[in-house]
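Turn this into a structure:
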Amino acid sequence: MIRVGTKLKVTEKQFDPKTNKPLTESLEAVLDGWKSKIHNSIVENERRGNLIDYNLVKQIIQKVTTNKTLNEDLTIRTLYHEYMKDFELADSTRKNYKMAIRLFEDFLRITKSTDIIERYTVKEFQKFVKYLKELKYADNTIKIYTKCIKKVVNKAYWEGRIENEVGRMMKFKAKSIVKTDYVIFSSEELIQLEGLTLRPGARQRMDIFLWLCYVGVRFSDYKRFVFEPELCEFSEEQLVISESVKTGKRIFIPNKGHCRGAWRILKKYKGHLPRYQSVDSFNRAIRKDFMRLKHPEYQKITSHCARKTFTTILLLEDGMPPLVVSKLLTHSDIRLTMRHYEKGGDEHLRNALKKTEKPKEEKPNHLKII
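Below is the predicted model:
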């Protein structure tokens, strides 16, 4: 038994002033009409193969009793295509939306849930989050995908296309994880890695990793330098990427100091670095390479370690002002550079303190002993 609270509203205009009788249908006739519509809707859902559960029947009853008809044509795929037409999004953002919709449709198909927007519930959204966690997606990735679906559904709600407010109740808060166990290399270790004899594939991956350590850009900006050279200005004096993939800011790397190592690697490949499409596959492969080198912390190594290494070497070993390092990293706030990117280890501290070991000059003693 499903109990749904309903109200039959009758105004004064619906009464005959002479007989004081309602001009509308009797209560029994209204209830009979509701029963017929509910029965037909349930039969139609059974014919389509939809799962007839408590939530579905309750939604059908609510729609019928409030004189609201379900729009059977509005699916998440339909709203997604309309959303993409109205907004100009970056390619990476479009890929996130496309992947989110595909995963959501896979979830609906596996769980045999309805694909009609008007019948979505918060419980289904929570099951979708659980489904993504079972697929071993990280919290930040789940947050991105659920946010994409929420935006698509909310747009349709605010436009009046749907009356289901489930989009406003979709909430997922990723756990704030600050990763501190990055592997940071010193400048001497980078020179040693350059001189290693490796297999061709491993040598190319190592050179990409070293190039990232020398310039400090993100892996997405390395891909822009490799796959979209028209957006980059490269010469013997400097490297300029007109627009960062993540922040949209201009990246400037001069051929000076620590950054000169990047030009050594580029000369080896005649200005064209090896191509690597996916950051995940690169991270898996570079970890295997360091495992073969018997590195004690190979499991912690990712492409982002190169950016951390770049920052730490400039700050601790070279003594560069933090503001300059922040500009090279295209950070909008210097506190971000100091809080998350300066991760010096014992070796970096030892090298930094060595610079203070200057021979003391003997000065003439002008003090008179009385």
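
mind checking the end-to-end distance for stretch 233-249?
Length of stretch 233-249, first residue to last, C-alpha to C-alpha, to the nearest Å: 14 Å.

For that stretch, buried residues please.
Applying a neighbour-count criterion of 16 or more other C-beta atoms under 10 Å, one finds 239, 241, 244-245 buried in stretch 233-249. Using the backbone N, CA and C atoms, a C-beta is placed for each residue, glycine as well.

do stretch 257-272 as well
By neighbour count on 16+ other C-beta under 10 Å, the buried set for stretch 257-272 is 258-259, 261-263, 265-266.

Could you do stretch 303-321 as well?
Residues of stretch 303-321 classed as buried under the neighbour-count rule (16+ other C-beta under 10 Å) are 303-317, 320.

And stretch 152-164, by the same measure?
152-157, 161-162, 164.

Ok, stretch 219-238 next?
Using 16+ other C-beta under 10 Å as the test for burial, stretch 219-238 gives 219, 221-226, 232.

what's the span of stretch 241-255 from first residue to last?
Rule used - C-alpha to C-alpha; the end-to-end distance of stretch 241-255 is 14 Å.

Now find how far off-centre it is within its chain.
Centroid displacement of stretch 241-255 relative to its chain, using C-alpha atoms, centre = their mean, to the nearest Å, is 20 Å.

I'd like the numbering to begin with 34 instead of 1 from here.
Got it, first residue is 34 now, which makes that one stretch 274-288.

Give me the contact list for that stretch.
When contacts are taken as C-beta atoms under 8 Å, 6 or more residues apart in numbering, the neighbours of stretch 274-288 outside the stretch itself are 123, 125, 248-251, 253-254, 256-258, 264-266, 269-273, 292, 295-296, 361, 363, 365.

Of those, which belong to helices?
Per DSSP state H, helices hold the following members of the contacts of stretch 274-288: 125, 248, 253-254, 256-258, 295-296, 361.

Could you check the pLDDT of K401?
At K401, the model reports a pLDDT of 54.

swap in I274?
Confidence per residue is given as pLDDT, and for I274 that number is 91.

what's the closest non-adjacent residue to it?
Once flanking residues are discounted, I274 sits nearest to I284: 4.1 Å by C-beta to C-beta, 6 or more residues apart in numbering.

what about L272, distance to R317?
Using C-beta to C-beta, to the nearest Å, one obtains 27 Å as the distance from L272 to R317.

Repeat that for F137.
If you measure F137 against R317 using C-beta to C-beta, the figure is 26 Å.

cool, H291 as well?
28 Å.

now swap in K160 and tell me
In this structure, K160 and R317 are separated by 30 Å, where distance is defined by C-beta to C-beta.

neighbour-wise, which of the two wins?
K160 (14 against 11; other C-beta atoms under 10 Å).

next helix or strand past the helix or strand harbouring that one?
Using DSSP states H and E, K160 maps to helix 155-167. Next along the chain after helix 155-167, taking DSSP H and E as the criterion, comes helix 172-191.

T370: what's it in contact with?
344, 355, 358-359, 362, 364.

if we go to 10 Å?
With contact set as C-beta atoms under 10 Å, 6 or more residues apart in numbering, T370 has these partners: 344, 348, 355-356, 358-362, 364.

repeat for H72
Listed by C-beta under 10 Å, 6+ apart, the contact partners of H72 are I93.

Helices of the stretch 234-383 of the chain, residue ranges please.
All helices of the stretch 234-383 of the chain, identified by DSSP state H, counting those that start in this stretch, fall at 252-260, 293-301, 312-325, 337-345, 355-361, 367-369, 379-387.

Quick one: those helices as CSV, columns for distance to S69 and mean pLDDT too.
Rendered in CSV, the data for these read as follows (distance: least, C-beta to C-beta, whole Å; pLDDT from 0 to 100):
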stretch, distance to S69, mean pLDDT
helix 252-260, 58, 92
helix 293-301, 75, 93
helix 312-325, 55, 91
helix 337-345, 62, 90
helix 355-361, 69, 88
helix 367-369, 63, 82
helix 379-387, 78, 65
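
Let's have the ones you listed in CSV, adding distance to F218.
Converted to CSV, those look like this (distance: least, C-beta to C-beta, whole Å):
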stretch, distance to F218
helix 252-260, 17
helix 293-301, 12
helix 312-325, 11
helix 337-345, 5
helix 355-361, 17
helix 367-369, 22
helix 379-387, 9
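
any idea of the pLDDT on I71?
For I71, the pLDDT comes out at 80.

Okay, and it sits in which element?
helix 60-81.

Test of understanding: give the bridge partners of I286.
I286 has the following beta-bridge partners by DSSP bridges: L272.

any idea how far L84 lies from G193?
Spatial separation of L84 from G193 under the definition C-beta to C-beta is 28 Å.

cool, I177 as well?
Computed as C-beta to C-beta, the I177 to G193 distance reads 27 Å.
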